[in-house]
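Trainee: Sequence plus predicted model, see below.
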2 protein chains.
Amino acid sequence: MTVRQPRPTLRDVAEAAGVSKTTAVFVLNDRPGFSIPDETRNRVQSAAKQLGYRRNGLAAALSRGRTGSIGIVVSMLSAPLNPQLGEDYLLGIILGATRAASGAGLRLTTIAYTTDNPPTADEVTDNRVDGLILVGILHEEVARTIYATGFPCITIGSGYAERRVTADNVGGAVQAVEHLLALGHTRIAYASPLMTEADRERRQGWRETMERHGLSADGLDQDWEPLLQRLLNGTADRPTAIFCRNDGYAAFLIRSARQNGIRVPEDLSVVGFDSGVIAEAMDLTSVRNPLPEQTKCAVDMLNRLIAGEDVPPITVLPTELDIRHSTAPPSHAPRARIDTQKEP
Amino acid sequence: MTVRQPRPTLRDVAEAAGVSKTTAVFVLNDRPGFSIPDETRNRVQSAAKQLGYRRNGLAAALSRGRTGSIGIVVSMLSAPLNPQLGEDYLLGIILGATRAASGAGLRLTTIAYTTDNPPTADEVTDNRVDGLILVGILHEEVARTIYATGFPCITIGSGYAERRVTADNVGGAVQAVEHLLALGHTRIAYASPLMTEADRERRQGWRETMERHGLSADGLDQDWEPLLQRLLNGTADRPTAIFCRNDGYAAFLIRSARQNGIRVPEDLSVVGFDSGVIAEAMDLTSVRNPLPEQTKCAVDMLNRLIAGEDVPPITVLPTELDIRHSTAPPSHAPRARIDTQKEP
DNA sequence: TGCTTGAGGTAACTCGGGTTACTAACCCGT
DNA sequence: ACGGGTTAGTAACCCGAGTTACCTCAAGCA
């Protein structure tokens, strides 16, 4: 086994090239405004190449006082993947942030952690990155202490935040419900097993839209189980459409409905929220969570924060509805088994 | 707007406490084997607290020669999320690696990049992390140069690698096909639009199993379009089951089949690969890609590499089959519309 | 008294780059 | 022969922690 050689440093390169460290730095960083004859330049460069010199990013960042990368702190449940919890949302966020950062000439490092082992504020604000984007169900306490350090950071979505970029949850819910209303539905339920900030806002948009159209939302804001019972009993007040907190939950509902002989969309229309990989895979009508826009916006603002500028405390970005095939006009004989397959 | 104060350093704390830097380090790092009276200890600690001292991780890591974190380099397509490409796999990897790292007392930083803006070897081996896990469709050239630097790294899955941890793709395919055979299927197709290493191995497992059972695989190794045509034509050689390269592609097939009036699983059984969020959401029978095991194994090995030990060049981990509801015995009247709903 | 021992503490150095301020040598024009 | 400007280059310091080697002083003991 080869002994791991200590990695060559700038000093080694300089010595090998017979110049001072300073000169080596100037050459290797291609620093403008200094006259260095080609001969010297070549000597340094070939010494670097020959020794296999690679700069130590840690030392460089320490010296410059900037790392050139930003972090995104995402929390994941310790439990196995469970689509009801919106993991596909995280994926969209990570992709979006990666793109946005790369567009801004920054590297993104994702600091993922599981909720049973959250990072401390000290750990994430320890200057390995220039600023932070906080996402999702970060423990309130953690978010609070991170903000308290004054480290440049911005939150995407809900949770404790002093600065926030978020999707228009209320508006998205309105779009979902308006779509179902336009198809002719009147008994539209909202289904969510949780009560996060996002849930509250989506529920609010749903309720307001129902009421604006003179429809009652009462009894339609329930967990899936009682709704399913009503669907199976065929009672008159059963919903004909359900707007779900997110795509994963919508997928769960559809699965459960189909296992009980309820067809989607023939017997029941379902709308999700996020419109990520799951919605795509399930062909699910869903409110598109504008993740590319949110992440881009967050990265831009973070950049401004790092530069010492001020940014608005809250930015709300509009959603759109991606209509796929989990929604259709309500059937008037909902439990009849009619052999019509939906054509695209 | 408050001017951003320069962050207090160890020197500031030491001065405020009236001790030397050395003493401050000893106190703050709780270094054993040094006798420091409580009075002094308290002075340092309260000075640190009062100044809001937080250690600069960059400087600490530089000094120690270890960062205490490892990186995982994942590539994402520049295109929007597309479940056919296995993004849910990445999510599983990131989650798994996060857990494994946290179990090993390491922090994980994810270096995500889009394929149109790949990182250079210099960038990722610049000592901001102690070692690297490489995942997925990293450009061969990039992987090669990273390995060439001698930086501790290990690959999960396919792609150029000097050290690799991977799922048993062949074995997984065997499990999938055996399951379908046991249900009574004989015309089992393999569907994949790609030809990566993983595809090759899965295809190989499928073909070998078919042949071992005296069945011909000929004409069943095709893209979805021709298979769909045969299904619609109802020709005698149409497949009754399809094993797909991954869950996203399986989801696409199911969607497409259903839009064409082909029921799953009544008319067609479908098996995926990965068994991630999409499989869960779609209730899809799928070969479980052992991501937690793979990531844990990769992290362990990386740790050993960092410590200077040797590790085996390749480790293959076994898969299992997660049987859900996209597979059923073949129907003998495949296009008849029989109204039986499957109970879980 | 002289010697050891341990408590309490620090100066000076390291990690690997980046920067500032300065110098020596040379060329040019007068 | 002198000032001024340019070229080529460097010593010495910085970033913020962590370490090594050493010092001083008081107590304990023969």
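Mentor: Happy to help now that I have it.
Trainee: pLDDT averaged over stretch A:219-238 - what is it?
Mentor: Mean pLDDT, computed over stretch A:219-238, is 89.
Trainee: Does that stretch reach chain B?
Mentor: No - residues of stretch A:219-238 are not located near chain B by Cβ under 8 Å from any Cβ of the partner chain, the shortest gap being 12.3 Å. Any C-beta I mention is one placed from the backbone N, CA and C, and that applies to glycine too.
Trainee: What are the contacting residues of that stretch?
Mentor: The contact list for stretch A:219-238 (Cβ atoms under 8 Å, 6 or more residues apart in numbering or on different chains) reads A:187-191, A:193, A:203, A:206-207, A:210, A:239, A:242, A:252-253, A:256-257, A:260, A:262, A:267-268, A:334-335.
Trainee: With only the CA atoms kept, save it in CSV.
Mentor: Extracted in CSV, the C-alpha atoms of stretch A:219-238 (Å, rounded to 0.1, in the frame of the first residue of the first chain):
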residue,chain,number,x,y,z
GLY,A,219,-68.0,18.9,7.3
LEU,A,220,-65.6,18.8,4.3
ASP,A,221,-62.5,19.5,6.2
GLN,A,222,-61.6,16.1,7.5
ASP,A,223,-59.2,13.4,7.6
TRP,A,224,-59.3,10.8,4.9
GLU,A,225,-60.9,8.0,6.9
PRO,A,226,-64.3,9.7,7.6
LEU,A,227,-64.4,11.0,4.0
LEU,A,228,-63.8,7.5,2.8
GLN,A,229,-66.6,6.2,4.9
ARG,A,230,-69.0,8.7,3.4
LEU,A,231,-67.8,7.8,-0.1
LEU,A,232,-68.4,4.1,0.6
ASN,A,233,-71.8,4.8,2.1
GLY,A,234,-72.8,6.9,-0.8
THR,A,235,-74.4,9.5,1.5
ALA,A,236,-75.7,12.6,-0.2
ASP,A,237,-73.2,14.8,1.5
ARG,A,238,-70.2,12.8,0.3
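Trainee: mind listing what's buried in it?
Mentor: Under the neighbour-count criterion of 16 or more other Cβ atoms under 10 Å in any protein chain shown, stretch A:219-238 has A:220, A:222, A:224, A:227-228, A:230-231, A:238 buried.
Trainee: quick one: it to chain centroid distance?
Mentor: 32 Å (Cα atoms, centre = their mean, to the nearest Å).
Trainee: which residues of chain A score low on pLDDT?
Mentor: A:1-5, A:137-138, A:332-344 (pLDDT under 70).
Trainee: host element of the residue most central in space within it?
Mentor: Central residue of chain A (Cα atoms, centre = their mean): A:Ile93, 2.6 Å from the mean position. Secondary structure assignment for A:Ile93, by DSSP states H and E: helix A:87-103.
Trainee: again with A:Ser78
Mentor: Judged by DSSP H and E, A:Ser78 forms part of no helix or strand.
Trainee: Just confirm it contacts A:Tyr113, I think it does.
Mentor: No - with contact defined as Cβ atoms under 8 Å, A:Ser78 does not count as touching A:Tyr113 (9.7 Å).
Trainee: what about the two, which has more around it?
Mentor: A:Tyr113 (24 against 14; other Cβ atoms under 10 Å in any protein chain shown).
Trainee: beta partners of that one?
Mentor: Beta-bridge partners for A:Tyr113, by DSSP bridges, are A:Ser75.
Trainee: thinking again about what came up before, how much space separates the residue nearest to the centre of chain A from DNA strand D?
Mentor: Between A:Ile93 and DNA strand D the computed distance is 31 Å (Cβ to the nearest atom of the strand, to the nearest Å).
Trainee: And A:Val270, by the same measure?
Mentor: 53 Å.
Trainee: and that residue, what helix or strand is that in?
Mentor: Using DSSP H and E, A:Val270 falls in strand A:269-274.
Trainee: Show me what the following helix or strand past that strand is in contact with.
Mentor: Tracing the chain C-terminally past strand A:269-274 and defining elements by DSSP H and E, one meets helix A:277-282 next. By Cβ under 8 Å, 6+ apart, the residues outside helix A:277-282 that reach it are A:83, A:88, A:91-92, A:247-248, A:250-251, A:254, A:272, A:284-286, A:322, A:324, A:326, B:81-83, B:87-88, B:247-248, B:251-252, B:255, B:277-278, B:281-282.
Trainee: mind redoing it with 7 Å?
Mentor: Helix A:277-282 is contacted from outside by A:83, A:88, A:91, A:247-248, A:251, A:254, A:272, A:286, A:322, A:324, B:81, B:83, B:87-88, B:248, B:251, B:277-278, B:281-282, using Cβ atoms under 7 Å, 6 or more residues apart in numbering or on different chains.
Trainee: Off-centre distance for that helix?
Mentor: Per Cα atoms, centre = their mean, the centroid offset for helix A:277-282 relative to its chain is 16 Å.
Trainee: which bits of chain A sit near DNA strand C?
Mentor: Residues of chain A lying close to DNA strand C (Cβ under 7 Å from any atom of the strand) are A:6-7, A:9-11, A:21-22, A:25-26, A:28-29, A:31, A:53-56, A:59-60, A:62-64.
Trainee: Among these, which are located in strands?
Mentor: Judged by DSSP state E, strands contain none of the residues of chain A next to DNA strand C.
Trainee: ok, and which of those residues reach DNA strand D?
Mentor: Within the residues of chain A next to DNA strand C, those near DNA strand D by Cβ under 7 Å from any atom of the strand are A:21-22, A:26, A:59, A:62-63.
Trainee: Of all pairs in those residues, which one is the farthest apart?
Mentor: A:Phe26 and A:Leu62 (19.3 Å; Cβ to Cβ).
Trainee: ok, the closest residue to A:Asn56 other than its chain neighbours - contacts?
Mentor: The shortest distance from A:Asn56 to any residue other than its chain neighbours is 4.8 Å, reached at B:Asn127 (Cβ to Cβ, 6 or more residues apart in numbering or on different chains). Residues in contact with B:Asn127 (Cβ under 7 Å, 6+ apart) are A:56-58.
Trainee: Kindly report the same for A:Val177.
Mentor: Taking Cβ under 7 Å, 6+ apart as the test, what A:Val177 contacts is A:188, A:206, A:209-210, A:243.
Trainee: repeat that for 6 Å
Mentor: A:188, A:206, A:209 (Cβ atoms under 6 Å, 6 or more residues apart in numbering or on different chains).
Trainee: Next up, phi/psi of the first one, please.
Mentor: Which is A:Ile188. Main-chain dihedrals, A:Ile188, degrees, to the nearest 10: phi -110, psi 120.
Trainee: can you count the residues close to it?
Mentor: Count around A:Ile188 with other Cβ under 10 Å applied: 26.
Trainee: Look up which residues are beta-bridged to it.
Mentor: Bridge pairing for A:Ile188 - DSSP bridges - gives A:Ala241.
Trainee: I figured it was touching A:Ile242, is that so?
Mentor: No - contact criterion Cβ atoms under 6 Å: A:Ile188 and A:Ile242 do not qualify, at 7.2 Å.
Trainee: show me where the stretch 101-250 of chain A has strands.
Mentor: Using DSSP state E, counting those that start in this stretch, the strands found in the stretch 101-250 of chain A span residues A:107-114, A:132-135, A:153-156, A:164-167, A:188-191, A:241-244.
Trainee: Describe which strands the second one pairs with in its sheet and in which direction.
Mentor: Sheet pairing here is set by DSSP bridges, and for strand A:132-135 it gives strand A:69-76 (parallel), strand A:153-156 (parallel).
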